[in-house]
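K.L.:
One predicted model, sequence on top.
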Amino acid sequence: MITTAELVKKVRRLVNEAESDAAVSVVTADYRSLDDCIVALLPQAVSLVQKMKSSTTEAVNVKILSPAVIGITDNGDGTGSMPLPNDYVGPVVVQLEGWRRPARFVDISSSEAARQCNEYTRAGCCKPVCIESVNAVGERVLLLCPLPAAPAKVKSFIYEACFAAGDVSLNSSTPMANAVAYECAALLYNMFERYDAANSFMSLAAALCNAKSNERR
């Protein structure tokens with residue numbers, strides 16, 4: 001985990017190394033200081049890193065939701081639905097009581113998802129499946145296949161969340177926090193119209209997101 005204040009310092013240090021100018025205090029007429037600008041860009045940087053990272057890379061901005069506040073709807077066909085929080089970006093771990101292991105996550109348009117609609121080909125408790133979908137009123141939900149015997153209860157729900165400018169910390173590993181810092185520095189340089197420097201930092205962020213070892217020290 002890294003605090004927002006530490007992220008701001010990391011990005012400022014990256015910019016100062018490239019600019020050789022530690023006295024930068026005003027970026028545009030809309031921002032009072034460089035630090036304010038960095039804080040405003042962090043949500044976008046986190047979102048971009050979440051999209052860029054490979055499926056094997058560690059999660060970015062991880063949150064754990066208490067099972068006590070999660071309700072599960074029985075769909076009546078052997079599956080269940082679990083509402084997703086407003087800041088949900090993607091799953092990390094989902095497990096129900098009665099499942100032997102955490103669920104695999106499959107795309108709703110895949111043939112694997114289609115098999116979950118058939119009681120004879122649906123996953124069992126040894127290899128459960130989750131599918132991101134929407135319910136009848138347009139709310140985002142996770143389809144849970146199969147639904148154990150009622151009442152179904154969540155054992156663990158860990159997910160990647162949106163990052164807001166007011167958040168005080170980012171729950172991520174050091175490599176992913178560094179990727180966010182590089183991406184934020186790239187966005188900052190785009191504002192400066194320093195596109196070569198921006199592209200350089202984007203490449204560093206992308207390398208970390210794909211688990212490569214050429215991190216800038």
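P.N.:
That came through, no problem.
K.L.:
my read: Leu7 touches Ala179, true?
P.N.:
No - counting by Cβ atoms under 8 Å, Ala179 is not a contact partner of Leu7; they are 11.3 Å apart. Quick note: C-beta positions are derived from backbone N, CA and C, even for glycine.
K.L.:
Which one of the two is surrounded by more residues?
P.N.:
Neighbour count, other Cβ atoms under 10 Å: between Leu7 and Ala179, Ala179 has more, with 30 against 24.
K.L.:
got the contact list for the more buried one?
P.N.:
By Cβ atoms under 8 Å, 6 or more residues apart in numbering, the residues touching Ala179 are 49, 52-53, 60, 204-205, 208-209.
K.L.:
List just the nearest of those residues to Leu147.
P.N.:
The closest of the contacts of Ala179 to Leu147 turns out to be Val60 (Cβ to Cβ; 29.9 Å).
K.L.:
follow-up on the earlier one: by neighbours, which of the contacts of Ala179 wins?
P.N.:
If you rank those by neighbour count (other Cβ under 10 Å), Val60 sits at the top with 29 neighbours.
K.L.:
Now do that one, the pLDDT please.
P.N.:
If you check Val60, the pLDDT there is 94.
K.L.:
what do you get for Leu34?
P.N.:
Leu34 is given a pLDDT of 82.
K.L.:
measure it to Leu7 for me?
P.N.:
13 Å (Cβ to Cβ, to the nearest Å).
K.L.:
Could you list which residues are in contact with the residue sitting nearest the centre point of the chain?
P.N.:
Nearest to the geometric centre of the chain sits Glu160, at 3.5 Å (Cα atoms, centre = their mean). By Cβ under 8 Å, 6+ apart, the contact set of Glu160 is 50, 59-63, 88-92.
K.L.:
Cross those residues against helices and list the overlap.
P.N.:
Among those, the residues falling in helices (DSSP state H) are Gln50.
K.L.:
Pick out whichever of the contacts of Glu160 sits closest to Leu187.
P.N.:
Gln50 (14.5 Å).
K.L.:
number of nearby residues for the closest one?
P.N.:
Neighbour tally, Gln50, other Cβ under 10 Å: 23.
K.L.:
Phi first, then psi, for the closest residue in space to it that isn't next to it in sequence.
P.N.:
In space, and not counting its chain neighbours, Gln50 is closest to Val60: 5.0 Å by Cβ to Cβ, 6 or more residues apart in numbering. Dihedral pair for Val60: phi -120, psi 130, per degrees, to the nearest 10.
K.L.:
Val60 and Pro151: what is the separation?
P.N.:
33 Å.
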